[in-house]
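>>> Structure for this input, please:
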Amino acid sequence: MNNKYSIILGNLGNTCDRFCKSYKDNIPSEEMLDVAVKRMPFIDGIELVGTWDIRADNVKDMKQRFSDYGITCASIIPDTFSDKIYGKGFITNTEIKIRKKAIDYLHEMCDIALEMECEIINLWMAQDGYDYFLATDYNQEREWLKEGIATVATAYPTLRFALEYKPKEPRNFSYHARMADTILAAKETGCTNVGITIDTGHSFVGGENVAESVVLAKRAGDLLYHMHFNDNHGYWDDDMIVSSVHLTCYVDLLFWLKKTGYKGWFSMDQYPYREDAIGAISESIYWIKKYVQIVNEYYDEINQLVHLNNAVETSKFLRKLFN
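The predicted structure is shown next:
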């Protein structure tokens with residue numbers, strides 16, 4: 001495996017929750033970029049959140065900075081989630097003027113991506129979902145979701161749109177919740193440049209086996225466009241250091257990423273509330289590289305174990321890794 005590594009720039013900034021509005025001091029995106037390039041190990045790219053890090057008024061400056069540092073813009077993540085105007089939905093909002101505003105904003109982000117020579121628009125449609133029963137027309141809102149994504153994807157055929165799924169938060173139910181329904185959402189657009197982002201933590205919360213989700217995306221037509229790595233305890237999106245909780249899952253995941261021929265980014269997506277951000281995110285990179293090393297070294301043996309279908313022999317192999 002020879003995938004490139006990236007981080008989401010904002011993960012180096014302020015962290016907050018509904019109890020504490022600021023665990024850390026935020027610094028300008030330009031300063032975070034400098035810190036990331038100089039202190040993060042092995043990174044080849046940076047993901048930028050639209051409006052937070054990148055806008056029409058600073059795109060030329062950011063492009064020059066990326067060029068000077070010799071790094072790539074791995075993805076643009078439009079801010080579909082933090083503006084209160086979208087609190088009841090982004091492109092599924094029941095108000096047509098808000099849906100139009102959302103689509104216009106996505107067009108703006110796509111233009112910025114083209115200028116940054118960035119290939120991926122990572123769409124985490126966090127506000128597109130619902131909270132209460134008997135208060136939502138699921139069919140209509142899913143139709144708006146399909147139409148909105150298709151409209152933008154059709155207008156920008158050279159970009160790839162990666163739908164990042166998550167079962168809940170900030171809404172109680174998300175329309176892009178798990179791999180299977182997100183495959184359906186991507187297919188419904190009818191656009192060949194719409195695929196999927198797997199966030200490992202989101203998949204854990206959704207009760208998925210992430211490795212099998214990789215296989216589902218492959219079987220659906222090579223729909224896995226992007227990867228976000230983090231960890232959690234399985235019931236909330238804690239955005240912890242990789243391998244804080246899961247070990248075997250990551251061996252399995254990296255094996256199937258290799259076996260299915262995934263060529264995209266390995267991007268770290270964490271929210272280190274109380275930890276040193278550079279240290280925490282660096283640890284995740286080191287862990288992923290360790291798993292890559294294991295899979296590369298033992299690929300044939302792991303492949304044989306998969307086909308042997310013997311849990312005892314698999315356990316012996318995994319225990320061997322800790323000797």
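
>>> Tell me where this protein has helices.
With helices called from DSSP state H, the chain shows them at 29-39, 59-69, 96-115, 138-155, 179-188, 200-205, 210-219, 248-259, 277-308, 311-320.

>>> can you redo these as CSV with mean pLDDT, distance to residue 238 and mean neighbour count?
The C-beta positions use only the backbone N, C-alpha and C, and glycine is treated the same way. Converted to CSV, the helices of the chain look like this (pLDDT from 0 to 100; distance: least, CB to CB, whole Å; neighbours: other CB atoms under 10 Å):
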stretch, mean pLDDT, distance to residue 238, mean neighbour count
helix 29-39, 95, 22, 16
helix 59-69, 98, 30, 14
helix 96-115, 98, 28, 18
helix 138-155, 98, 27, 17
helix 179-188, 98, 20, 20
helix 200-205, 98, 7, 25
helix 210-219, 98, 15, 19
helix 248-259, 98, 15, 21
helix 277-308, 98, 12, 17
helix 311-320, 97, 24, 12
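
>>> and residue 230, which of the ones you listed is closest to it?
helix 200-205 (4.4 Å; CB to CB).

>>> so which of the helices of the chain gets nearest residue 16?
Nearest of the helices of the chain (CB to CB): helix 277-308, 13.5 Å.

>>> so what does the closest one touch, helix or strand wise?
strand 5-8, helix 248-259, strand 266-268, helix 311-320 (3 or more CB pairs under 8 Å, 6 or more residues apart in numbering; DSSP states H and E).

>>> Off-centre distance for that helix?
19 Å (CA atoms, centre = their mean, to the nearest Å).

>>> repeat for stretch 23-34
The chain centroid and the centroid of stretch 23-34 are separated by 21 Å under CA atoms, centre = their mean.

>>> Show the contacting residues for the residue nearest to residue 138 when sequence neighbours are not counted.
Closest residue to residue 138 apart from its sequence neighbours, by CB to CB, 6 or more residues apart in numbering: residue 130 at 7.4 Å. The contact partners of residue 130, by CB atoms under 8 Å, 6 or more residues apart in numbering, come to 136, 138, 141, 171-173.

>>> okay if I get the helices and strands packed on helix 277-308 as a markdown table plus distance to residue 207?
Formatted as a markdown table, the helices and strands packed on helix 277-308 follow (distance: least, CB to CB, whole Å):
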| stretch | distance to residue 207 |
| --- | --- |
| strand 5-8 | 24 |
| helix 248-259 | 12 |
| strand 266-268 | 23 |
| helix 311-320 | 20 |
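
>>> circling back: and the helices of the chain: which comes nearest residue 22?
Among these, the nearest to residue 22 by CB to CB is helix 277-308 (13.9 Å).

>>> For the contacts of residue 130, work out which two are farthest apart.
Pairwise distances across the contacts of residue 130 (CB to CB) peak at 14.2 Å, for the pair 141 and 172.

>>> Could you check how many residues crowd around the residue lying closest to residue 148 once chain neighbours are set aside?
Spatially, and ignoring its direct neighbours in sequence, residue 148 is nearest to residue 91 (3.4 Å; CB to CB, 6+ apart). For residue 91, the count of nearby residues is 27 (other CB atoms under 10 Å).

>>> I figured residue 91 hits residue 99, correct?
Yes. The pair residue 91 / residue 99 is scored as a contact, 5.6 Å apart, by CB atoms under 8 Å.

>>> Overlap in contacts, the two.
144, 148.

>>> Run through the bridge partners of the nearest residue to residue 3 once chain neighbours are set aside.
Excluding the flanking residues, the one nearest residue 3 by CB to CB, 6+ apart is residue 266, at 4.8 Å. Here residue 266 sits in beta bridges with residue 5, residue 227, as judged by DSSP bridges.
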